[in-house]
Each structure stands twice: as C-alpha cells, then as structure tokens.
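In: For reference, the sequence and a predicted model appear below.
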Amino acid sequence: MVVEGPAHYKWAGDDVQCGQAHAWVRKELLKTLPCKCTKCGNTKYVEAVSINGHNYTRNPAGYTLLCKRCHNEMDGLSHEKPRRAW
C-alpha cells in the first residue's frame, strides 16, 4: 500500500519549498497536459513554472509548463553561456 498526500509522514501541505512545489505540480500537470513547452512547443527539459511570481503552492492552476530556455527568458536570464574574458 502506497501512502500519499496528507497521510504521508513527510507531507508539508502548502508550506513547501520551491523545488518541492515545482516537482509535485509538474507531476500533476503531466497527468492532464502533454509534456511540451506551452510557449514554443519544445519537448526537452520541460519545467513547471509559477505564473504568480514566487508564490509556491500546490495549486496547478498557478503554474505552466515551459522549457528551460523559455523559463530563463521569462525570468530575464540569457540563454547563452557567458563568455570568458581573456
């Protein structure tokens, strides 16, 4: 018998950290959505991304699936590797 949810001894409810919330929500979103980026359609390196800023909850409605590149662009990060200054 597999114990999941509030009955599990490690259950934290909505009091979770970023990584835990993203992993749980990604698993839940993939039950209903295809594993592809909702922005560009890429199927590699798909992550669950909070669309409400840094509000990490167990509500899948507050997340979307993005590939690593689109996630970085959304966060304002460059997708290019930094070059060394010789």
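Out: Yep, it's here.
In: pull the longest helix from this protein.
Out: Identified as the longest helix of the chain according to DSSP state H is helix 18-29.
In: all helices of the protein, in order?
Out: 18-29, 68-74.
In: What lies in contact with the longest helix of the chain?
Out: Contacts with helix 18-29, where a contact means Cβ atoms under 8 Å, 6 or more residues apart in numbering, come from 12, 16, 46-50, 54, 56-60, 63, 65. C-betas here are computed from N, CA, C, even on glycine.
In: who's in contact with N52?
Out: Contacts for N52 (Cβ under 8 Å, 6+ apart) come out as G62.
In: 3 is where my numbering starts, stick with that
Out: Happy to do that; since the first residue is 3 now, the last one works out to N54.
In: what separates it from G78, distance-wise?
Out: Distance, N54 to G78, by Cβ to Cβ, to the nearest Å: 17 Å.
In: As a check, name the ranges of all strands in this protein.
Out: Assigned by DSSP state E, the chain shows strands spanning 48-52, 65-69.
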